[in-house]
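Chemist: Sequence plus the predicted model coming up.
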Amino acid sequence: MQQTPQPPGRFGLCAEFADPTSLVEAARRTYEEGYRRFDSFSPFPIHELFDVMRLKDHRVALMVLCGGIVGGLTGLGLQAWVSAVAYPLNIGGRPLLSWPMFVPVTFELTILFASLTAVFGMFALNGLPMPYHPLFNVQRFAKAASIDGFFLAIEASDPKFDWTATRAFLTNLGAKEVNDVEE
């Protein structure tokens, strides 16, 4: 079967569903059909969508761990350098590197670096700030996505995407409406 060429200036197709259950079922069937570049949108989190779309991205957690380790080492290293190299003060014969006094600052910098890494890592991986997305060209999506709409969008860059077949597939999933998404 020959694929229908993608019309120029098109991002993909967007389908609206009646309720969260039909959106979850549509996402499950879309993944089973072989589509990988698709996303779902709803006015509230639907945790089942993460499972059916097989979203298991652990990059933010790994970034937070690395940020926390860097923060802890920074706090410990800074205090060790100040206490033993830059300003060594031997008071009462105590050791220059007394680690119990380093714990509060090390802990605080670990938390600070980890939290800042989480915020900026999430922004970077989400592609934010993104003042424009092609889905906002679909009138119904712009009007209802954050109020009461349940949408599934399949991108034209998906290797399995065929303009006619994908439109028919979304219609057969029980979509209330299927729209072309302009770039």
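Modeler: Arrived safely.

Chemist: For Ala80, which non-adjacent residue is spatially closest?
Modeler: Excluding the flanking residues, the one nearest Ala80 by C-beta to C-beta, 6 or more residues apart in numbering is Leu97, at 5.8 Å. The way it works is simple: take the backbone N, C-alpha and C, and place the C-beta from them, glycine included.

Chemist: what's the pLDDT at the one you found?
Modeler: On pLDDT, Leu97 comes in at 89.

Chemist: quick one: what helix or strand has Phe107 in it?
Modeler: helix 103-126 (DSSP states H and E).

Chemist: buried stuff in the following helix or strand past that helix?
Modeler: Using DSSP H and E, the helix or strand that follows helix 103-126 towards the C-terminus is helix 139-144. Neighbour counts over helix 139-144 (16 or more other C-beta atoms under 10 Å) mark Phe141, Ala144 as buried.

Chemist: Contacts for helix 139-144 next, please.
Modeler: Cys14, Glu16, Phe41, Leu135, Phe136, Gly149, Phe151, Glu177, Asn179 (C-beta atoms under 8 Å, 6 or more residues apart in numbering).

Chemist: How confident was the prediction at the last one?
Modeler: If you check Asn179, the pLDDT there is 95.

Chemist: quick one on the thing from earlier: what is the rounded mean pLDDT of the helix holding Phe107?
Modeler: In the prediction, helix 103-126 has an average pLDDT of 96.

Chemist: likewise stretch 78-86?
Modeler: Rounded mean pLDDT across stretch 78-86 is 94.

Chemist: how about the protein, which residue sits the furthest from its center?
Modeler: Gly92 (53.8 Å; C-alpha atoms, centre = their mean).

Chemist: residues in contact with that residue?
Modeler: Taking C-beta under 8 Å, 6+ apart, we find Gly92 in contact with no residue.
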